[in-house]
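S.K.: return a 3D structure for these sequence lines:
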Amino acid sequence: MKRIMVIGVSAGVGKSTFARKLGKSLNIDVYHLDAYYWNPGWIEASFDEFKSAQENITLKEEWIIEGNYSSTFEIRKKQADTIIYLELPLYLCLFRVIKRWLTNRGRTRVDMGKDCEEKMDWKFLKFIMTTYYKRKNTMKNQLSDFQKGNSSNQVIILNNKKSIHSYLEDSL
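M.R.: Residues are numbered from 1 along each chain as shown. The predicted structure follows:
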């Protein structure tokens, strides 16, 4: 387990927090995709810039890359040896997104692009609510393909708060 993707069913599932804790436990650098996708002031990076950043990271011997971003999923998947997938109920993901917004308003989180202060809008909440179940199915297919691609590839599915906590506390 040296090249790890941390993905999840939705925003608010805990990918960033999990990846930071995992990185600390394994002493592996963590790369948050939001920090590469968002330039200062919530300006989207170009596709080539975003893609290139990930290609450079995946050349390293060890890494933990946190984030979904389906448009560049294959770049990471080709080089990963482990995918850790977090799945919590929709209501909990929504609650956590709102809590994160209330807690971090006016500040930029460490896992975000520079000068991207925490924000919330209806479009983001609607996206979470309308794509949750579709993403749940898509992720299962991605995980299956990953394991079929190489028998030594490892998929770890953590689908409740207890299993997420236990994995970090007991499995490493």
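
S.K.: hey, let's count contacts and neighbours off CA atoms from now on
M.R.: Noted.

S.K.: which of the three states applies to the residue located most distally from the centre of the chain?
M.R.: Going by C-alpha atoms, centre = their mean, the residue of the chain most distant from its centre is Ser151, 23.2 Å out. Using DSSP: H, G, I helix; E, B strand; the rest coil, the structure places Ser151 in coil.

S.K.: what's the local residue count around the nearest residue to Glu87 once chain neighbours are set aside?
M.R.: Excluding the flanking residues, the one nearest Glu87 by C-alpha to C-alpha, 6 or more residues apart in numbering is Asn159, at 4.5 Å. Residues lying near Asn159 (other C-alpha atoms under 10 Å) number 16.

S.K.: ok, Asn159 to Val9 distance?
M.R.: Distance, Asn159 to Val9, by C-alpha to C-alpha, to the nearest Å: 10 Å.

S.K.: need the overlap of contacts for these two.
M.R.: Among the neighbours of Asn159, those also in contact with Val9 (C-alpha atoms under 8 Å, 6 or more residues apart in numbering) are 86-88.

S.K.: any chance of CSV for these, columns secondary structure, pLDDT and neighbour count?
M.R.: Shown next, in CSV, are the shared contacts of Asn159 and Val9 (DSSP: H, G, I helix; E, B strand; the rest coil; pLDDT from 0 to 100; neighbours: other C-alpha atoms under 10 Å):
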residue, secondary structure, pLDDT, neighbour count
Leu86, strand, 98, 22
Glu87, coil, 97, 23
Leu88, coil, 97, 18
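
S.K.: what are the pairing partners of the host helix or strand of Ile4, and which direction each?
M.R.: Per DSSP states H and E, Ile4 falls inside strand 3-8. Strand 3-8 has the following strand partners under DSSP bridges: strand 63-66 (parallel), strand 82-86 (parallel).

S.K.: what's in contact with the last one?
M.R.: With C-alpha under 8 Å, 6+ apart as the test, strand 82-86 has contacts from 1-9, 13-15, 143, 153-160, 164.

S.K.: of those, buried ones?
M.R.: Among those, those scoring as buried are 3-9, 13-15, 143, 153-155, 157-159, 164 (criterion: 16 or more other C-alpha atoms under 10 Å).

S.K.: next, give phi and psi for the residue sitting nearest the centre point of the chain.
M.R.: The centroid of the chain falls nearest to Gly67 when counting by C-alpha atoms, centre = their mean (2.4 Å). With angles defined as degrees, to the nearest 10, Gly67 sits at phi 140, psi 160.

S.K.: thinking it is in contact with Val30, fair?
M.R.: No: taking C-alpha atoms under 8 Å as the definition, Gly67 is not a contact partner of Val30, at 10.8 Å.
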